[in-house]
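Student: fold the following and give me the result.
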Amino acid sequence: MKRVLIGHRGVGKTSLLQRHQSYFPEVDHFDLDQVIERQAGRSIGDIFNTDGEQKFRQLELQTYQRLLKENNQYVIAVGAGFNPAYLTSDEEVIFVSRTTDADGRIFLNRPRLNPETSALGESRKRYIERQSAFLKRADQIYHMPEGIDSENNIERQLLTGEFKITSSVYTLSAHEVSRVSQLKKNYSQIELRTDLIDVGTIENLVGADSNFNWLVSIREEVTPSLPATTQIDCDVNLAIISQVPVAIYSSHDEKIQIGIDKLNRTTKPNTHLKLCPIVKTFTELRTGYDWQQQDPANRSFLPRSEDGRWVWYRQLSRYLQKLNFIRNFSCIADQPSAYENLVLPIEKPTSWAAVLGKPVYFSRTPLVHEKFFTPRKTFVTKIEITTEELSTNLDWLIQLGLTYAAVTSPLKETAYQLSEDLSPEAKSLKSVNTLYIDQKKVCGHNTDLAGFRFLIEDFISVAPEKIAIWGGGGTLQMIKEVLPQAKYFSSQTGELRDAALTAYLLPEIEILIWAAPRTARTLFPSKDLKITRVIDLNYTENSMGLEFAAERILKYKSGLEMFKQQALKQQEYWSAK
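Tutor: Now for the predicted structure:
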């Protein structure tokens, strides 16, 4: 084995390398940055600050090349700035990717590459500069779930190649053609698209193994010469549609009704209809669902969006229709990743779980609840939904099987209003972050209080007048239950919510509890506040609370432990139902 892990800064390559070693204990594993520090006797930060980035890159390349000479087999995790062009052709390169990569990440303990810009601006700029180079050199992409930090059976299957996906189609990219033998072992059907792979290559692949379950998708005015048994998908807008033996007619028109009208006019018998529109609202989503369900054996509905908000529906589609697809180098955000496919039970579950909110793409809820729901033969997903959409679509989601839900801000008050059976905690806070649907009765609970108490238990003895709350939103009432005497600030004006408090007391504040989202209107606290520590209710790696702590060089505690405690209490609630 000669394998290299590449990926953006902070994606988790080092921790993945440690897990990878447990999957392949017979192979030596190296974290390139750690090898450099050990041999130089200096930290990466010191090398950057003293010698500059150019000298570090030279040392990085020399160290990498020495590892190759000294080892016949290896797995190396390289830094985000390592040039993928230096990787050798006989190495298998895995691009470790997470949905939050483009958001940028802020670090408290890593060297700044460009101190002249903000930490977040720098991270986002590097993402843009590096993303295409990673995709160009990678042999495969590991779409790693948010929050994975321990050995995991699905991850093991993906990295060892010991898995088989039979329910979804893998779309081959041009630079993966050399890996097609391995891909045929992992996927029972592979799509060859004429807009991604040239016709000659498609003809050669199908001709070399005509017994394999290929799906040739014609997206251009070309007519490949293929065996008569080849399954062909042709876009309804192409003029050549009458010249090829079509098994699937597909529409990729952006507007859903236009696509439905075109497909409905297709009357050729024994063909499958595939609808792939841009879907912007739940109303359009339900239109596509209703169309597909009118003839589920012969229709497939594959909604698309700009931000991947319909992944949950695509996961559920595995049990509704014939055609489903896996996310890969095509980077179609709504397609489930291989991980998100493998986590699904083989048989259609009678119930499933989700985190509801906007946004939720960064959420670790699916992973933290995975071990809880897998033995129950069901799964957890993420549904991006607004308060208005939740009010008008909860009944439909329940119809689809939604039974368990974690609810994020700003939906908690709406969830409270929709709940028919409220726990004492939910009644007290007039807020719901946990739902359970029992025979169509919506039960609401709140675990925020337990999570918050857990987060601040080491600081509860601090005098309340030395604690400030920045923002609050839907969590404000919950925080006041625990810290009624703390000072409360609006994160949009920077002013005390209680105008009666005197400004001269402000310098006494030591602990800032950050309870504000990242928005254009959110402000940083005044430098007049002599803050020494930030406790963040957020756990995202680009939180404004984290950015504030990094800029002011303050002690910092993220809300991750609060989230995990909330999740634990949610599982206790669901188990009791």
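Student: what's the end-to-end length of stretch 432-444?
Tutor: 6 Å (C-alpha to C-alpha, to the nearest Å).
Student: now do stretch 233-241
Tutor: Terminal residues of stretch 233-241 lie 10 Å apart, using C-alpha to C-alpha.
Student: avg pLDDT for it?
Tutor: For stretch 233-241, mean pLDDT rounds to 89.
Student: what are the contacting residues of that stretch?
Tutor: Contact with stretch 233-241 is made by 191, 215-223, 244, 246-253, 262-263, 266, 274, as judged by C-beta atoms under 8 Å, 6 or more residues apart in numbering. From N, CA and C alone the C-beta is placed, and that goes for glycine too.
Student: quick check: buried residues in it?
Tutor: Going by neighbour count (16 or more other C-beta atoms under 10 Å), the buried part of stretch 233-241 is 233, 234, 235, 236, 238.
Student: any chance of those in TSV, plus secondary structure and distance to residue 443?
Tutor: Formatted as TSV, these follow (DSSP: H, G, I helix; E, B strand; the rest coil; distance: C-beta to C-beta, whole Å):
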residue	secondary structure	distance to residue 443
233	strand	44
234	strand	49
235	strand	46
236	coil	46
238	coil	51
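Student: the stretch 1-150 of the chain: helices as residue ranges?
Tutor: 13-23, 32-40, 44-51, 53-70, 119-137 (DSSP state H, counting those that start in this stretch).
Student: make a markdown table out of these and add distance to residue 284 and mean pLDDT.
Tutor: A markdown table is the format used below for the helices of the stretch 1-150 of the chain (distance: least, C-beta to C-beta, whole Å; pLDDT from 0 to 100):
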| stretch | distance to residue 284 | mean pLDDT |
| --- | --- | --- |
| helix 13-23 | 37 | 97 |
| helix 32-40 | 47 | 94 |
| helix 44-51 | 49 | 86 |
| helix 53-70 | 48 | 94 |
| helix 119-137 | 30 | 94 |
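Student: redo those helices as a markdown table? Include distance to residue 187 and mean neighbour count.
Tutor: What follows is the helices of the stretch 1-150 of the chain, written out as a markdown table (distance: least, C-beta to C-beta, whole Å; neighbours: other C-beta atoms under 10 Å):
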| stretch | distance to residue 187 | mean neighbour count |
| --- | --- | --- |
| helix 13-23 | 21 | 17 |
| helix 32-40 | 32 | 16 |
| helix 44-51 | 39 | 15 |
| helix 53-70 | 31 | 14 |
| helix 119-137 | 20 | 16 |
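Student: okay if I get the ones you listed as a markdown table plus distance to residue 385?
Tutor: A markdown table is the format used below for the helices of the stretch 1-150 of the chain (distance: least, C-beta to C-beta, whole Å):
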| stretch | distance to residue 385 |
| --- | --- |
| helix 13-23 | 31 |
| helix 32-40 | 40 |
| helix 44-51 | 42 |
| helix 53-70 | 43 |
| helix 119-137 | 26 |
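Student: give me the buried subset of the contacts of stretch 233-241.
Tutor: 191, 215-219, 244, 246-253, 262-263, 274.
Student: restricted to strands, list those residues.
Tutor: Cross-referencing the buried ones among the contacts of stretch 233-241 against strands under DSSP state E gives 191, 215, 216, 217, 218, 248, 249, 250, 251, 274.
Student: which of these lies closest to residue 348?
Tutor: Of all these, residue 348 sits closest to residue 274, with 20.7 Å by C-beta to C-beta.
Student: partners of the closest one in the sheet?
Tutor: In this entry, residue 274 is beta-bridged to residue 250, residue 300, by DSSP bridges.
Student: wait, what's in contact with it?
Tutor: 233, 248, 249, 250, 251, 263, 299, 300, 302, 323.
Student: could you redo the last one with a cut-off of 6 Å?
Tutor: By C-beta atoms under 6 Å, 6 or more residues apart in numbering, the contact set of residue 274 is 248, 250, 300, 323.
Student: about what we covered before: so which of the helices of the stretch 1-150 of the chain is nearest residue 5?
Tutor: It's helix 13-23; of these, that one is closest to residue 5 (C-beta to C-beta) at 5.0 Å.
Student: other SSEs contacting the closest one?
Tutor: strand 29-31, strand 74-77, helix 153-160 (3 or more C-beta pairs under 6 Å, 6 or more residues apart in numbering; DSSP states H and E).
Student: hmm, 7 Å instead?
Tutor: Contacts defined by 3 or more C-beta pairs under 7 Å, 6 or more residues apart in numbering; DSSP states H and E place helix 13-23 against strand 2-7, strand 29-31, strand 74-77, helix 153-160.
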